[in-house]
Each structure stands twice: as structure tokens, then as C-alpha cells.
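Mind folding the following:
(6 chains)
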Number of protein chains: 4
Amino acid sequence: MLLDKRTAKANGIVQAAVLLFGKKGYAFTSVEEIAAAAGVGKSTVYDYYKNKEALFKAAVISAAERKLSDLKAITSSTDDPLERMKRITEMYLASDRSECSGLSKLFVEVLSQTQLQGGVFFNQRHMIQKVYQRMIRTVLDLLLEGVSMRKLRPDIARHAEMITINFFAFLDGLTMQSMIAGDHIDMREQAGLYLEQLKDILLPGQGIGT
Amino acid sequence: MLLDKRTAKANGIVQAAVLLFGKKGYAFTSVEEIAAAAGVGKSTVYDYYKNKEALFKAAVISAAERKLSDLKAITSSTDDPLERMKRITEMYLASDRSECSGLSKLFVEVLSQTQLQGGVFFNQRHMIQKVYQRMIRTVLDLLLEGVSMRKLRPDIARHAEMITINFFAFLDGLTMQSMIAGDHIDMREQAGLYLEQLKDILLPGQGIGT
Amino acid sequence: MLLDKRTAKANGIVQAAVLLFGKKGYAFTSVEEIAAAAGVGKSTVYDYYKNKEALFKAAVISAAERKLSDLKAITSSTDDPLERMKRITEMYLASDRSECSGLSKLFVEVLSQTQLQGGVFFNQRHMIQKVYQRMIRTVLDLLLEGVSMRKLRPDIARHAEMITINFFAFLDGLTMQSMIAGDHIDMREQAGLYLEQLKDILLPGQGIGT
Amino acid sequence: MLLDKRTAKANGIVQAAVLLFGKKGYAFTSVEEIAAAAGVGKSTVYDYYKNKEALFKAAVISAAERKLSDLKAITSSTDDPLERMKRITEMYLASDRSECSGLSKLFVEVLSQTQLQGGVFFNQRHMIQKVYQRMIRTVLDLLLEGVSMRKLRPDIARHAEMITINFFAFLDGLTMQSMIAGDHIDMREQAGLYLEQLKDILLPGQGIGT
DNA sequence: TATGAATGAGCTTTCATTCAT
DNA sequence: GATGAATGAAAGCTCATTCAT
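Here you go, the predicted model:
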């Protein structure tokens, strides 16, 4: 009971943090703002998290976990491998638009804090890597499963990890493009083009060798 | 003569700014540091740039211009469209490794400042868009030239811009992946895989319709 | 019965306070620390003591009372006035070394809080004076008793208070010296030298006039 | 010229710090107060001293140096060893009363910060020891010089350091007594008594053996 | 013209104290 | 009766920016 209450409050703070860190970035977000957004006093935040950095890490982990679970939810929504990839793509594109989630923006912030000297994750990228690898693993498994179900070409098994990484690289990159270009580019079309290429590689009875 | 001197000094400051903003990010870099790195006094920076924001913008523009000119240099180094794409790719991967340039890191910072409320480029993404579009235009032209030289499939002309955007999206995304994953992934291999796919689309006598 | 329980808990808190205030000083000791050390909740402390100041005062009084009772214990341990002085001296030196008591350090803290504007005892030194005077009175009586027992020179009676005050001054000062000098000085030897001088004054058949 | 100006300002800040740290103690004095007292802005203090601790150390050193130079000044004011001791004593008593100098109070603060866990000088007492040893050395030399001038008993040479340390212990202790007792004790009389005892030890042709 | 000296706004963090449970 | 959760005030410190020289 008591623990639940505590957890609930901690969650509230973290959710506010996810939103604000995503919206304004680590440096431009003050702890006081987060506290206000969470509807608690400034120092209450410090009762739950050692300091701003710890709160940021918690926020990032929380957001990443949610994204990961979304990813897994998709896996169980359909059997078709390509349909799965498509839905993952759509999730990515959607999460970008919906202001409330703020996941992608937060992701850029994580990237910053991983790269920059003095950044929260500088020299601590293993924390981020772990989450990232789990995401890759999820899609990678999806591909391998497609192969074993004979829905995908058997010879991609060897390259499955590379394909997955490229897939995420493209999604991240496209997200970034849209951040800059705004409505100038049609993300859905762009992603469609990429998925077409993917189909050529993944589906049997197509591609070079046939 | 005098103007040249002024320009030279302004350049020195901007170069220092590019380096430091790339290394430590906007928020974690102080004007004083930049001044020191440029070998000038703190307030001299303000003689040349209205404020920190203006300096950041100038630094970003400068770095982008250099990258753009690198891009164009590649175009004139060979005729073969695919070889050009390959060299562009290599340039991207290289610029990431070489600490001195710091372009990629700076690019992430730009992304942050474009997205984040309170960021330098928030609601001013047109500045960034302009540069970006010039880069896209450059590669786009390269593709169209390939078509008109009959080295590329004629039917890609319609999709050339989308292909280009996807190309950049992939490159940016891959760069980000490597920022997080570090040596865990082999960027060259990953890029190679992508270029193979590109070849399938771009080169005549290959692909679906054959 | 109930009152006893209450008193016992109050004592526990005060003892913890004596220890911590002595070790870390008033300003650097938080109420929470004291509560934790006493094994009670933070707000329980406030049930027993109005605020941090009141707790500090109680701690100081408690420690002083204990020292005073130690002093009186010595008086009853031997009849010889000089031996008594010697044992008092030893008690002082010992109490300094034994970390657990922390009395001397606490005494320095009291001194601070008496002197400093904003200090707990600022403009309330009468509280401290009272305790101090009782200590002086104890040793003073000891001297007078020595005179009336004809073990000490009769003419010191007039100066007995001054001698006592100087005695305490020396003991306090020596304690401070050792706090700073650490092992560089041999407190026992230093005290021995002082006691020799005291002997010259106090014992009959010695000194100038004889 | 410029350096002098800087030094002058630094001095002003330190003097304000000596006063306030002496009056209100380290913990109860805010940097802002010191800045205000010195007539400068808050952050100017940080231009001259790295942080509050560094400022405190500088203040202590400054005050100690002044006291030391006062001590040496006394040495050159008369030849007579006992008169010198007397004047040193008077200086101690005087410095205590004059609120402006605040040296003694500051000294108590130093003691606190040396003893207390978390104190500025905790585990750094060597800084304080050095100053203290120079003060002891000065008086010690004074005694030895008295011996070599045949104004003091030759056999005290062996004990000169112990005598000096006891002398300072007494002076410090007496100062503390007066801090607590206020006007209840006559420091001049108390010191007079001690100096009488000293005379018995130091002067030839007096003492036990005669 | 170029500079370092100066500053105040604003941030992170701590802690004595209160109050609902 | 005892407690931990909550808080606001206040402190140390940084830094973009201005200004006199």
C-alpha cells in the first residue's frame, strides 16, 4: 500500500520529467519546473531522486521501457514479418508527431548527453546501449522467426542483425529529417520507399538470385 | 585590408566555437571558453557576435558550409554516380570518427536546438532547412545527372528526391547508431549493405522489372 | 512509568545529539541524522524538543552535567588536594582523547555558539556561565578545603578563585593546543609542568616568602 | 598597477571576510553578506576566490599573519624578556575586546573547523599548525635570547618550548574563559597571576633552589 | 579596438519544520 | 504516540552580458 503510493508519486514525477526533458532538453529544464508539472514541491523531487541527473536517467529508462513494450506489443499483433516491420515503422512515425509522448525528442536529448563532454551519459553509454540492444534484439528475433516460418528468405539469417541495425538507423534518421524538414517531407512515403526495398531483400522469390 | 583582419578574427572565433559547441554542446560551452580557445578576450567575442546565440548560429552555418563544399568536392572527383554515393558515405563515416571536425556531434546539437523549446533554432528551423536542402539538392542533382548520362535507371528520376532524402536519413541515422553503439557495430559494413540495396534500385538491368 | 519511558527516549535522543553535535558541530549536523542515530523518526525529535536549538541546549546541558559529576567523583576519590588537581587534569586530557565522549569538541562548539551572532547561545551565555561556575566552585571548594585541612598554604585562600579560573583556563587552552597540534605536543608533559608550578604556589614551605 | 588594484580588491574582500567569519562564524556567514560588506557583487567574490572555503582559508591566513606581525612588533619594542611576555599578554587580551579585529573569535572558528567532521580545516590542520608553530617559534626565540643575554635562568633553555606552549595554552584558555564569563572575571588580574608564576620560573636568583 | 573586471539572474541542492496518517 | 512525506526558504555557485579603460 505505502510502497504503491510512493511508486505512484515517483511515476508522476518521472512522467513530468519525460515530458519536460523531451520538450526543453536537460539543460533548459529546471527541477523546479518538473516539480511544478508533477504537482509537488521542489524538494519532494529530491526525496525521490538523488539529483537532476538521476531523475534524467530514470526518465530516459522509463521512456525507453515504454517504447520497448510498445515494440513487443506490435510483435504479438500479427504474424506476418513484413506487416510487423510496417507497424513498427508506423509506430515510430506516430510517436514522433504525438507531442505528449515526446519520446523521439527525448531520444535526441539522450544522444546529446551521450556524446557531449559533461553530458549525463558521457562515458556511461552502456546504460543506453543496453536498452538499444534489447530493441534490436526484439526486431532481430522477429526476422529470424520469419525465416524459420519460411516467410522470409533463408539466406538473410546471416545478415539479420545488420539488416535490423540498418532498419533502426533509417527510422532514427528519418525521424531526424522530419524534425528539421517538418512538413516538407512526407515521412510515410519515405518510409514506404524504404520498406519496398526491404521487401526485395527479405521476401523469397524476389531479388537478384531468382 | 582592415576588413580582412576583422574577418580573420571572426573566423578564428567561429572555428573555436565549432569545435567547442561540437565537443560540449551549446549549454555546456561557455563564451569564455570559446574566447580562450580562440585566443581573444571574453568581450571581444561580443564585438563580433551579438550574443551566444548568434555565435552558435554562425558556427553552425560555417560548419555546414564546409560540409557542403566537401560534398561538392566529391561530386567533381569522379563521374560514376554510385562511386560518388560511396564516397559521400565514406565522408560521412569519416567525419564522424575524426574528432577534430566534430561536425556530426555539432549536428546532433543543432537537432536539439531545433527541437527544444528555448533552443537556439526553435521556431527558426528555416535556417537549418536551407542548408539541408542545399545538401539534398547536391545529391539529387548527382542522381539526375546519372540518369541523363544513362548510367542510372531512367525511372528513378521521379523518385530521385525521395531516394536522396532516404539516403541522408540513413546516413544520419547510422551516425547516431554509431554514437551510441560505439565499436559494437561496423559502420562500414552497415553502409555497404545499404549501398548494395541502393545499387539494386539505381542501376539499370537490375531490380524487379528485369 | 509512562514518564520514565518518555524520559528514556528523550535521553536517547540527547545522547545521540551530544555525540553528533560534538563530532560534526551544530551547523553540520542535521536533525535527521540525530533522529537516525537515536533510532527514532525525524518528527519524534520534535515531539521531545521544540526545535534544533532546544535540542542543542539540552545536549550541552546533559554533557556538562556529566562532566560536572565526573569532577565531583574525583573529589571523593582522594583527600590530597594536589592529587585531586592532578586527577582532574588527567580527566581533562583523557576526555579529549576518547572519541566517544566528544565533550571537549562539543565544548568548542558551545564556545562558537556563544560568541557568534546568530549562534544558539549568543546573548544567552548565562546558561553556560551557570554550569561553568559550578565547575569552578567545585574546584574552588577543593582548594579551600585543602587550606582548612592545612594541607595548602593559608594565604592562597584569598586568591583561590583566581587560581581556579587560571587552572581551568590552562586546561581548556591546552586542550585547544592539542586539537591543533595533534601529537606534536605531549599534553601530559605540558600539564605536568603546569602542575609543578601550581605546587610551588599551593604547598606550604615553598615559594617566595618562606 | 593593475596587479595592485586586484590585490587591493582582494584584500578588501578578505578583510570583510575576516570580520564576518569572526562575528558570525563560517556556517552562518553567507558569501553574499561578505560581498555586500566588501561593497562588491556576489560573483565578484568568486572571481577572486574559488569558493567559500578558499575565502575562509585566505581570511584565516590573513588574520593569522597580522597577528604574527603584531607579535614580532612587540619583540622589537623592548629588550626585557618578561616585559615582552607581558606585552604579548596584553596584546592577546586587547585583541579580544576590540570588536573590529575579531581575531580571537575567528580563532575559535578555526578551531571548530579543524575539529569538526566536514569542517573546512578537517584533516588539513597542517595549514593551521604551520602558522601556530611560527608564533610559538617567535616566543621561544624570545626566551632563548633572554637566556643568552643572561636575563633569564640558564636552565630553562631545555624547557623553553614547553614553557612557550603552556604560555599560549594559558592565553588561549583565558581568552575562552572571558568569552564565556564576560565581565565576571578580570582577565588582567588573571593574567597577572600567571605572569607572576612565570617570573618565578624564568628569572634567575629566584625559585626553589635559592 | 580589445579587454578583463564586475554583476545579477537563475540554477541545483539541503534542511528545519509541519502535518496527515 | 510516532512517523515519513512534503515543502519553501536560503545557500553556493555559474555564466551571459555590460562597461570603463
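
give the contact list for residue A:110.
By C-beta atoms under 8 Å, 6 or more residues apart in numbering or on different chains, the residues touching residue A:110 are A:60, A:121, A:128. Where C-beta positions appear, they are placed from N, C-alpha and C, glycine not excepted.

how about 10 Å then?
Counting by C-beta atoms under 10 Å, 6 or more residues apart in numbering or on different chains, residue A:110 touches A:21-22, A:26, A:56-57, A:59-60, A:63-64, A:119-121, A:125, A:127-128, A:131-132, B:180.

For it, report the pLDDT, please.
You'll see residue A:110 listed with a pLDDT of 90.

Tell me the residue of chain A that sits nearest chain C?
Residue of chain A nearest chain C, by C-beta to the nearest C-beta: residue A:47 (11.7 Å).

Run through the residues that contact that residue.
Residue A:47 sits in contact with A:6, A:9-10, A:13, A:40-41, where contact means C-beta under 10 Å, 6+ apart.

what's the longest helix in chain A?
The longest helix of chain A (DSSP state H) is helix A:2-28.

which strands and helices sit next to whatever helix or strand comes next after that one?
Per DSSP states H and E, the first helix or strand lying C-terminal to helix A:2-28 is helix A:31-38. If contacts are counted by 3 or more C-beta pairs under 10 Å, 6 or more residues apart in numbering or on different chains; DSSP states H and E, helix A:31-38 sits against helix A:2-28, helix A:42-48, helix A:52-75.

and the contacts of residue A:47, which are buried?
A:9-10, A:13, A:40 (16 or more other C-beta atoms under 10 Å in any protein chain shown).

Contact partners for the nearest residue to residue A:56 once chain neighbours are set aside?
In this structure, residue A:56 finds its nearest non-sequential neighbour in residue A:120, 5.3 Å apart by C-beta to C-beta, 6 or more residues apart in numbering or on different chains. With contact set as C-beta under 10 Å, 6+ apart, residue A:120 has these partners: A:21, A:26-27, A:52-57, A:60, A:109-110, A:112-114, A:127.

Assign residue A:120 to one of the three secondary structure states.
For residue A:120, the assignment made with DSSP: H, G, I helix; E, B strand; the rest coil gives coil.

Residue A:153 against residue A:202, yeah?
Yes. The criterion here is C-beta atoms under 10 Å, and residue A:153 meets it with residue A:202 at 6.3 Å.

Local confidence estimate at residue A:160?
96.

helices and strands around the one helix or strand it maps to, which ones?
For residue A:160, the host element (DSSP H and E) is helix A:160-181. Contact here means 3+ C-beta pairs under 10 Å, 6+ apart; on that basis helix A:160-181 packs against helix A:81-97, helix A:103-115, helix A:125-148, helix A:187-202, helix B:103-115, helix B:125-148, helix B:160-181, helix B:187-202.

Stretch A:188-196 close to chain B?
Yes. Against chain B, stretch A:188-196 shows contacts by C-beta under 10 Å from any C-beta of the partner chain at A:189-194, A:196.

so for that stretch, what's the average pLDDT?
pLDDT averaged over stretch A:188-196 gives 95.

Residues touching that stretch, excluding its own?
Under C-beta under 10 Å, 6+ apart, the answer for stretch A:188-196 is A:82, A:85-86, A:89-90, A:92-93, A:166-167, A:170-171, A:173-174, A:177-178, A:181, A:186, A:202, B:159, B:161-163, B:165-166, B:169-170, B:194, B:197, B:201, B:208.

8 Å instead, please
Contacts of stretch A:188-196 (C-beta under 8 Å, 6+ apart): A:82, A:85-86, A:89-90, A:93, A:170-171, A:174, A:177, B:159, B:162-163, B:165-166, B:169.

tally of neighbours for residue A:174?
26 (other C-beta atoms under 10 Å in any protein chain shown).

Can you give me every residue that contacts it?
Contacts of residue A:174 (C-beta under 8 Å, 6+ apart): A:92-93, A:187, A:190-191, A:194, B:166, B:169, B:173.

Equivalent analysis for residue A:108, please.
If you count contacts by C-beta under 8 Å, 6+ apart, then residue A:108 has A:176, A:179, B:108, B:111-112, B:115 around it.

so where's chain A uncertain?
A:1-3, A:95-103, A:205-210 (pLDDT under 70).

if we can go back for a sec, quick check, nearest of the contacts of residue A:120 to DNA strand F?
For the contacts of residue A:120, the residue nearest DNA strand F by C-beta to the nearest atom of the strand is residue A:27; the value is 10.0 Å.

If we ignore the residues flanking it in sequence, what's nearest that closest one?
residue B:27 (3.3 Å).

Tell me, how many residues neighbour the one you found?
Residue B:27: 21 neighbours (other C-beta under 10 Å).

Contacts only, for it.
A:25-28.

how about those in CSV, adding distance to residue C:139?
Below are the contacts of residue B:27 laid out as CSV (distance: C-beta to C-beta, whole Å):
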residue, distance to residue C:139
A:25, 68
A:26, 64
A:27, 64
A:28, 66
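
Who wins on neighbours among those?
In the contacts of residue B:27, the most neighbours by other C-beta under 10 Å go to residue A:26, 28 neighbours.
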